[in-house]
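Novice: following is a predicted model, sequence given first.
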Amino acid sequence: MKKIKTVTLVGLGAIGAAYGSRLQQFLGESFKVVADTERVKRYTEQGIRVNGEEVPFRYISSTEPAEPADLVIFAVKNAELPQAIENARNHIGENTIILSLLNGVSSEEEIRRATGNAHILYSMCVEIAAVRDGQNIHYHSIGRICFGDKEQYGTKDEEAVRSLFEDAGIPYEIPQDIMHTIWAKFMFNVGINQTSAVLKARYHVFQQLKDAHEWVESAMYEVVKVAEREGIHLTEKDVHSYRPILHNLSPDGQTSMLQDVVAKRKTEVEYFAGKVCELGKKHGIPTPVNEQLYKIIRIMEQSYYIHSPERSN
Ligand SMILES: NC(=O)C1=CN([C@@H]2O[C@H](COP(=O)(O)OP(=O)(O)OC[C@H]3O[C@@H](n4cnc5c(N)ncnc54)[C@H](OP(=O)(O)O)[C@@H]3O)[C@@H](O)[C@H]2O)C=CC1
Ligand SMILES: CC(C)(CO)C(=O)C(=O)O
């Protein structure tokens, strides 16, 4: 079996640092974080703390020469992916396995188109709600990483990642149908991330208020409809399967999109509602809930950059 000995991470944010700290502990110097020179300088000067503990990550600038890694993990936001791919170029070789932990349904294809890599495992993480506050990352539950080959089950690449995660203490799952798993998670993000960003609401609002939860599911049902036409069979059961997951998230936690809005960062709305509306148009399926969410979140993003008028009294 191929053994993964070297790993490079691109994206040391909430998710990257949470899983990266376990890999750092297991692999030591063989686990590297690649970033542009400016970020490396900041990380080196300010450090990164995960659940209050400083993690001695090994940083490497994207301009430094590097041997291809056995595994490259992407954990940036969707809009940051093109630059992240460029930053990781020196670390991706012919035999490098790639995992993309990004939410949404487009990052793996984007990486494949940009790199031509033939070892991309489709993946996502679930039951983790990680929060980033500057150089401090917090999470309650580490959740698990779901991954798998798009075409077949039980490949050598899957086995290599499984063995690494087992050794590094990273919970994982290799579902029979990874595309179904990824679309189901996408459906949940379309519901919870976007409504939480608009309402500026933490999980307890959705755990306690029926109306808020119904709004989440109304956005999710639009994904069920468009997914069917894309050959992904999601059902009401899949929608309901996310109820206990939402219920078990830390009441005080925030979705990654709510964190973006609070920090006035660009959100992933193009990859959530934007994608649902695009597929709705393609297949002639109305997606009114996502159309409204798209408009509202785009306005919220634009409002970061306008100044409020002086008050006259
Ligand atoms: N947070 C969560 O609980 C969950 C998030 N997700 C998904 O995971 C993905 C990542 O989210 P999250 O971790 O929250 O996002 P963050 O914004 O916390 O982290 C992204 C990190 O990537 C870094 N970065 C951006 N561009 C580059 C680049 N070109 N090279 C190197 N590093 C770069 C950023 O650096 P800098 O610090 O300088 O901004 C930041 O630290 C998203 O798709 C999200 O939807 C999935 C499940 C749960
Ligand atoms: C599932 C959820 C909502 C938290 O894990 C997430 O994926 C996110 O915040 O982006």
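Specialist: Yes, it's here. Ligands and ions are numbered 1, 2, ... in the order given.
Novice: element containing Arg22?
Specialist: helix 14-27 (DSSP states H and E).
Novice: tell me which residues in that helix are buried?
Specialist: 14-24, 26-27 (16 or more other C-beta atoms under 10 Å). (C-beta placed from N, C-alpha, C; glycine too.)
Novice: what about the closest residue to ligand 1 within the stretch 151-300 of the chain, how many residues close to it?
Specialist: The minimum distance from the stretch 151-300 of the chain to ligand 1, using C-beta to the nearest ligand atom, falls at Ser256 (3.7 Å). Residues within reach of Ser256, counting by other C-beta atoms under 10 Å, total 22.
Novice: what's the answer for the one 3 residues further on, then?
Specialist: Using other C-beta under 10 Å, Gln259 has 22 other residues around it.
Novice: for the helix or strand where it lies, which positions count as buried?
Specialist: For Gln259, the host element (DSSP H and E) is helix 256-262. Buried residues in helix 256-262, defined by neighbour count with 16+ other C-beta under 10 Å: 256-261.
Novice: before we move on, what about stretch 64-72?
Specialist: For stretch 64-72, by 16+ other C-beta under 10 Å, it's 66, 69-72.
Novice: does ligand 1 sit close to it?
Specialist: No. Against ligand 1, stretch 64-72 shows no contacts by C-beta under 6 Å from any ligand atom, the least distance being 11.8 Å.
Novice: and for stretch 283-300?
Specialist: No. Stretch 283-300 is not in contact with ligand 1 by C-beta under 6 Å from any ligand atom; minimum separation 13.7 Å.
Novice: could you number the chain from 50 rather than 1 from now on?
Specialist: That works, and once the first residue is 50, the last one we named lands at stretch 332-349.
Novice: what's that stretch in contact with?
Specialist: With contact meaning C-beta atoms under 8 Å, 6 or more residues apart in numbering, stretch 332-349 is reached by 239, 243-244, 246-247, 264, 267-268, 271, 274-275, 278, 306, 310, 316, 318, 321-323, 325-326, 328-329.
Novice: inside helices: which ones of these?
Specialist: Among those, the members falling in helices (DSSP state H) are 239, 243-244, 246-247, 264, 267-268, 271, 274-275, 278, 306, 310, 322-323, 325-326, 328-329.
Novice: what subset of those residues is buried?
Specialist: By neighbour count, with 16+ other C-beta under 10 Å, the ones in helices among the contacts of stretch 332-349 hold 239, 243-244, 246-247, 264, 268, 271, 274-275, 306, 310, 322-323, 325-326, 328-329 as buried.
Novice: convert stretch 287-297 to CSV, retaining C-alpha atoms only.
Specialist: Backbone C-alpha positions of stretch 287-297 (Å, rounded to 0.1, in the frame of the first residue of the first chain) are rendered in CSV as follows:
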residue,chain,number,x,y,z
ASP,A,287,-31.7,13.4,3.2
VAL,A,288,-33.1,16.8,4.2
HIS,A,289,-34.3,15.3,7.5
SER,A,290,-31.0,13.5,8.1
TYR,A,291,-29.4,17.0,8.8
ARG,A,292,-31.9,17.7,11.6
PRO,A,293,-29.9,15.9,14.3
ILE,A,294,-26.7,17.3,12.9
LEU,A,295,-28.0,20.8,13.2
HIS,A,296,-29.3,20.0,16.7
ASN,A,297,-26.0,18.7,17.9
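Novice: state the mean pLDDT of it.
Specialist: What stretch 287-297 shows for mean pLDDT is 97.
Novice: residues contacting the residue most central in space within the chain?
Specialist: Central residue of the chain (C-alpha atoms, centre = their mean): Leu151, 2.9 Å from the mean position. For Leu151, the contacting residues are 123-127, 130, 173, by C-beta under 8 Å, 6+ apart.
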